[in-house]
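In: any chance you can model this:
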Amino acid sequence: MAAMTDKPTISDLRAAVGISQSYASMILSGDRQPSLPLAIRMFRETGWRHGVLAPLSETEIDVLERVTALTPDKAA
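Out: Sure thing, here's the model as predicted:
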């Protein structure tokens, strides 16, 4: 995980987690809420904790990360 704790820039978030610039902008502005797996990935890659993760402890985030890794993709 990167050391960043401030909200990343649109470009930094886009590059860190592989989402479009427009979706990164919508997440950062509060127009869209990321899924839990995406919020966790954003946290791991940038150090920034989106509001979706705000009430969760590090342990709870770790558990969610493991569970979502085991959950089949709905698109499959």
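In: from now on I want contacts and neighbour counts done on CA atoms only, so please keep to that.
Out: OK.
In: enumerate every residue touching the residue nearest the centre of the chain.
Out: With distances taken as C-alpha atoms, centre = their mean, Ala39 lies nearest the centre of the chain, 2.1 Å away. Listed by C-alpha atoms under 8 Å, 6 or more residues apart in numbering, the contact set of Ala39 reads Arg49, His50, Val52, Leu53.
In: quick check: phi and psi at it.
Out: phi -60, psi -40 (degrees, to the nearest 10).
In: could you do Pro34 as well?
Out: Main-chain torsions, Pro34, degrees, to the nearest 10: phi -70, psi 160.
In: before we move on, what about the one 3 residues further on?
Out: Pro37 adopts backbone torsions of phi -60, psi -40, taken as degrees, to the nearest 10.
In: and it, how many neighbours does it have?
Out: 16 (other C-alpha atoms under 10 Å).
In: just Ile27 next, same as before
Out: Count around Ile27 with other C-alpha under 10 Å applied: 17.
In: how near is the nearest residue to it once chain neighbours are set aside to His50?
Out: Counting by C-alpha to C-alpha, 6 or more residues apart in numbering, Gln33 is the residue found nearest to Ile27 once chain neighbours are left out, at 5.9 Å. The gap separating Gln33 from His50 is 9 Å, by C-alpha to C-alpha, to the nearest Å.
In: the more surrounded of those two?
Out: Applying other C-alpha under 10 Å to Gln33 and His50 shows that His50 carries more neighbours, namely 19 against 16.
In: measure the nearest residue to the more buried one once chain neighbours are set aside to Ile19 for me?
Out: Distance criterion C-alpha to C-alpha, 6+ apart; nearest residue to His50, sequence neighbours excluded, is Ala39 at 6.3 Å. To Ile19, Ala39 is 12 Å away according to C-alpha to C-alpha.
In: go on, Arg44?
Out: 15 Å.
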